[in-house]
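Student: Model the structure of this input:
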Amino acid sequence: MNRRILSELLDRNDDHVAALAPGAFDRHRDDQRPGVVSVCCSDSRVSQEGMFAVDEPGFLFTSGAIGNSVSALVDGERVLDGSVAYPLRHTHTEVLAVVGHTGCGAVGAALAAARTGEFPAEPGVRADVEALLPIVESGLADPAVVGEDGEGATDDATADDVPVDDWTADYAPVDDWTADYAPVDDASGGDETADDADGAVASSVRDRLVEYNVHEQVAFARESEEAADATVYGFVYDLHGVYGDRDGVVYLVNADGERDPAALRELVGDAHADHVATLL
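Tutor: Coordinates of the predicted model:
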């Protein structure tokens, strides 16, 4: 029994209580009307409330899922996950934010599976990675992800380079799913992209697949009945300096299917233009 962590949890709750403004729950005790539901990857480094500086109740409805997946398998059919469908249908929430993140271990595991056929051993984890596999395989067929020559689909990695027990795959040692970010995905050098005027930046295949996955999750959500009247945004949270030189920035990559950086910059305005970038 880990009493140290228990004590820390309770200490942190005391800090939370002390920080609450008087009457913080007065408008939310009996119901909720959050403006946005966010779906982020299940990762301790990616705090949904933290990235949007949410310190008051009632604004953000949070859903976490491996690989920031918005879908669930029900009776053999892919449907919008209940944690997303519920606020859109029952709490008058009008905006869905899908947030991927650089160095995503789930995308790395699906990439490893695509290359080696190996999956994580845990049944629940395997199921989530299997759900991402078709998206990753589709991405590996896209020149925007792997380069015009397709070299990035395989790089120089072998099965030994991509251990299935390590979600960061060829980023990190086998025993640490979120170990130091040291990409070798582009070791061949064949699929590096230079910064360009349209906002595309140099990146690894894995991180381009992260953004590709965000686009696919946005598309799936927009096709669902529950999100028919919602605005759906796609973001990537950068904690590795892939999109820019500031840690913790969310970059808008998709707005209701619109992916053109110029159009997205016009949407957010000059004050937030630095929150728009793309790897694809």
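
Student: rounded to a whole number, what's the mean pLDDT of stretch 120-136?
Tutor: In this model, stretch 120-136 has a mean pLDDT of 97.

Student: could I have it exported to CSV, CA atoms only?
Tutor: Presented in CSV, the C-alpha positions along stretch 120-136 are these (Å, rounded to 0.1, in the frame of the first residue of the first chain):
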residue,chain,number,x,y,z
PRO,A,120,0.8,-5.1,-26.3
ALA,A,121,-0.1,-8.2,-24.2
GLU,A,122,-2.8,-6.6,-22.1
PRO,A,123,-6.2,-7.3,-23.7
GLY,A,124,-7.7,-3.9,-23.0
VAL,A,125,-4.6,-2.1,-24.3
ARG,A,126,-4.4,-4.4,-27.3
ALA,A,127,-8.0,-3.6,-28.2
ASP,A,128,-7.3,0.2,-28.1
VAL,A,129,-4.2,-0.2,-30.2
GLU,A,130,-6.0,-2.4,-32.7
ALA,A,131,-8.6,0.4,-33.1
LEU,A,132,-5.8,2.8,-34.0
LEU,A,133,-4.1,0.4,-36.4
PRO,A,134,-6.3,1.1,-39.5
ILE,A,135,-5.7,4.8,-39.1
VAL,A,136,-1.9,4.3,-38.8
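
Student: For it, buried residues please.
Tutor: Within stretch 120-136, the residues scored as buried using 16 or more other Cβ atoms under 10 Å are 120, 128, 129, 131, 132, 135, 136. The C-beta positions use only the backbone N, C-alpha and C, and glycine is treated the same way.

Student: And for stretch 212-232?
Tutor: So, applying 16+ other Cβ under 10 Å, buried residues of stretch 212-232: 212-218, 220-222, 224, 226-227, 230, 232.

Student: Looking at these, which is nearest residue 204?
Tutor: residue 212 (12.4 Å; Cβ to Cβ).
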